[in-house]
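Undergrad: Need the 3D shape of this:
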Amino acid sequence: MNIGEAAKASGVSAKMIRYYEATKLIPSAGRSPAGYRTYTQSDIHTLGFIRRARNLGFTMDGISALLALWQDRDRPSREVKRIVRSHVEDLERRVAELQAMLDTLKDLESCCHGNDRPDCPILRDLASSKGQSADMKVPIPSRLNTL
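TA: Next comes the predicted model:
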């Protein structure tokens, strides 16, 4: 099948398929006599694996490692679990950071009267150089300080 058909069958766009080939995540596709890329059912299955891993938030490096393990029938499952555990820990850390940002913003929102007066604790906090509210001492997650 051609790249358009492969994209439709796998749920991965043709642009991303080309990108995966260019970055060597997947091997270069076979070519028809006219020079068009051709894909097998095995290629479609691999693209589906990549799509699922991307949907679960794995990085390209993580997907590459998982693909190598998936294709190695003699792999120890502990290696797969190690990669997934590391990803879970990263997701948990990111969720905690997002929760801290949400809590901070809710606190700031509750302190703002939202009236016609110019005084606004939200803007005052954003302008502070300490990364925390002068009035409320609400810590701003370190990730927010770098944005």
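
Undergrad: Next, give phi and psi for residue 38.
TA: Note on residue 38: its backbone torsions stand at phi -130, psi 140 [degrees, to the nearest 10].

Undergrad: any idea what sits nearest it, other than its immediate chain neighbours?
TA: Spatial nearest neighbour of residue 38, excluding adjacent residues (Cβ to Cβ, 6 or more residues apart in numbering): residue 30 at 4.6 Å. Just so you know, the C-beta spots here come from the backbone N, C-alpha and C atoms, and that holds for glycine as well.

Undergrad: And the residue positioned nearest the centre of the chain, how close does it get to residue 94?
TA: By Cα atoms, centre = their mean, the chain has its centre lying nearest to residue 57, at 4.2 Å. Distance, residue 57 to residue 94, using Cβ to Cβ, to the nearest Å: 9 Å.

Undergrad: now do residue 2
TA: 38 Å.

Undergrad: now do residue 41
TA: Applying Cβ to Cβ to residue 41 and residue 94 gives a distance of 36 Å.

Undergrad: Repeat that for residue 76.
TA: Distance from residue 76 to residue 94, by Cβ to Cβ: 28 Å.

Undergrad: What of residue 79?
TA: Distance from residue 79 to residue 94, by Cβ to Cβ: 23 Å.

Undergrad: is it true that residue 83 touches residue 65?
TA: Yes: taking Cβ atoms under 8 Å as the definition, residue 83 is a contact partner of residue 65 at 5.6 Å.

Undergrad: Touching both of these two, which residues are there?
TA: The contact sets of residue 83 and residue 65 do not overlap (Cβ atoms under 8 Å, 6 or more residues apart in numbering).

Undergrad: With adjacent residues omitted, what lies nearest to residue 29?
TA: Nearest non-adjacent residue to residue 29, counting by Cβ to Cβ, 6+ apart: residue 37, 3.9 Å away.

Undergrad: What is the burial count for that neighbour?
TA: As a burial measure, residue 37 scores 19 neighbours (other Cβ atoms under 10 Å).

Undergrad: Could I get the contacting residues of it?
TA: Counting by Cβ under 8 Å, 6+ apart, residue 37 has contacts 2-3, 6, 17, 29-31.

Undergrad: quick one, phi psi at it?
TA: phi -60, psi 140.
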